[in-house]
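In: Requesting a structural model of the entry that follows:
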Amino acid sequence: MAIDIWWRIGMAGDPSSLRTAHRQSRGDWAPPGPDSITPGLRAGEPDGYGLLDYLAETARAAEGLGFHGGLLPSFPGTDDPWAVASALARETKTYRFMVAFQPGFLNPVQAARMTASLHRATAGRVTYNIITGGGGPPQLWWGDKVAHDDRYARTSEFLDVLRGVWDGGPFDFDGRFYRVEGGGLPGPLAGLPFPEVYFSGSSPAAIEAAGRHADYYLSWLEPVEALRAKFDAVRARSAAPKFAVRVDVLARETAEEAWADIERGWRHVRPEAVRAQLSRDGGDSFGVRRAVSFQPGSFTGFRDFEVRPNVFAGLALMRPGPAFGLVGSYEQVAERLDELLDLGVDSLILAGGPHLEEAYRVAEGVLPLLRGRLGQRGPVTVGA
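Out: Presented below is the predicted three-dimensional model:
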């Protein structure tokens, strides 16, 4: 059984560990200090080794470890993933770039041209992570006031237009959000293989759109029974869906070591921050609301956020990103990932901070164990 296993690229830099998650010591998104690595300080001045150098080192390491490619996320506090993918393409040979973007902020014809140009330059290494946005202040940062379900309708039209012009046209479209007359791509940009589409979103509107457009329906990690219900809803709207799960991983030789890292990071979490997260509604993001619904109503310590064995729902309190992650020994984390594969997951997008060192830990400590249950599945091939 071939599984595509990706490794996330930390586009906003990295802390040295969860103990210092409030301080991005790798990357120039925080002012340089004595603990900075990229850029570091020499004689009190930045040494010129910047975030892009670190991202290239991480991508080369992940490629050498056999990962299929990397997710390049897009948030107000990151570099642009299209630009970074273009730069990293020159540093790698087979590593694929899953570019996250919100369709509402690009013209679909221009997006087709951008994609085809990068696709051609990289011999077909571009993949889409279509995100439609969670509303609230982050959505307004982009200048987007379109309501939740309307954003998914706009995304659906965007992908209709993008696919329509992809093979060269002429293509006409007259919709609610877009109008195109005689659209198409020129010369060598036309007729390339269309990028695979990973489609995110937990609302009914998102699942409906995913059923129309997704090659892979992509979800954050949730408890297995919740994911099963969500996947069943997608299956009801798509003839041949594939599934992907985005998973943060903290794996060590022993479970005690892994939870000790969580404990050290938890010391920096303020109780009022926990209460604020448990009470927030996440704007109109169904994914955030779902994550909060699995978290404990009250708490005495970090282990209260272990909602299932090795499934920890408190990571968003310790660093930016999704709430859920897997914490435990290499064997325990592999068992939890096996459970996802048994659900029918075809692709895993893994992450851990700092991304460089954790790529080695996961690739060498966890992934080989996924191949051990040959009685239940065929061997898992990373990156096939």
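In: This protein: helices as residue ranges?
Out: Assigned by DSSP state H, the helices in the chain fall at 51-64, 81-89, 108-121, 136-141, 148-166, 204-213, 224-235, 255-266, 271-279, 286-294, 330-342, 355-361.
In: can you redo those helices as TSV with distance to R179?
Out: Every residue, glycine included, has its C-beta placed from N, CA and C. Conversion of the helices of the chain to TSV gives the following (distance: least, C-beta to C-beta, whole Å):
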stretch	distance to R179
helix 51-64	38
helix 81-89	24
helix 108-121	11
helix 136-141	24
helix 148-166	9
helix 204-213	20
helix 224-235	30
helix 255-266	50
helix 271-279	42
helix 286-294	30
helix 330-342	42
helix 355-361	42
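In: quick one: which of these is nearest L369?
Out: helix 330-342 (3.7 Å; C-beta to C-beta).
In: In that closest one, which residues are buried?
Out: Within helix 330-342, the residues scored as buried using 16 or more other C-beta atoms under 10 Å are 330, 332-338, 340-341.
In: how about the residues you listed in a markdown table, adding pLDDT and distance to G69?
Out: Compiled in a markdown table, these are given as follows (pLDDT from 0 to 100; distance: C-beta to C-beta, whole Å):
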| residue | pLDDT | distance to G69 |
| --- | --- | --- |
| Y330 | 98 | 23 |
| Q332 | 98 | 26 |
| V333 | 98 | 21 |
| A334 | 97 | 21 |
| E335 | 96 | 25 |
| R336 | 97 | 22 |
| L337 | 97 | 18 |
| D338 | 96 | 22 |
| L340 | 96 | 19 |
| L341 | 95 | 19 |
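In: As CSV, those residues with distance to P320 would be great.
Out: As requested, the buried residues of helix 330-342 are arranged in CSV below (distance: C-beta to C-beta, whole Å):
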residue, distance to P320
Y330, 26
Q332, 25
V333, 22
A334, 26
E335, 28
R336, 23
L337, 23
D338, 28
L340, 23
L341, 27
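In: just those now: which is nearest G352?
Out: V333 (10.2 Å).
In: Distance check, the closest one against R26.
Out: Using C-beta to C-beta, to the nearest Å, V333 is found at 24 Å from R26.
In: do the same with P193
Out: Distance, P193 to R26, using C-beta to C-beta: 35 Å.
In: of the helices of the chain, which approaches G10 most closely?
Out: helix 355-361 (4.4 Å).
In: Compare P193 and R26 and say which one has the larger neighbour count.
Out: Higher neighbour count among P193 and R26: R26, with 28 against 9, using other C-beta atoms under 10 Å.
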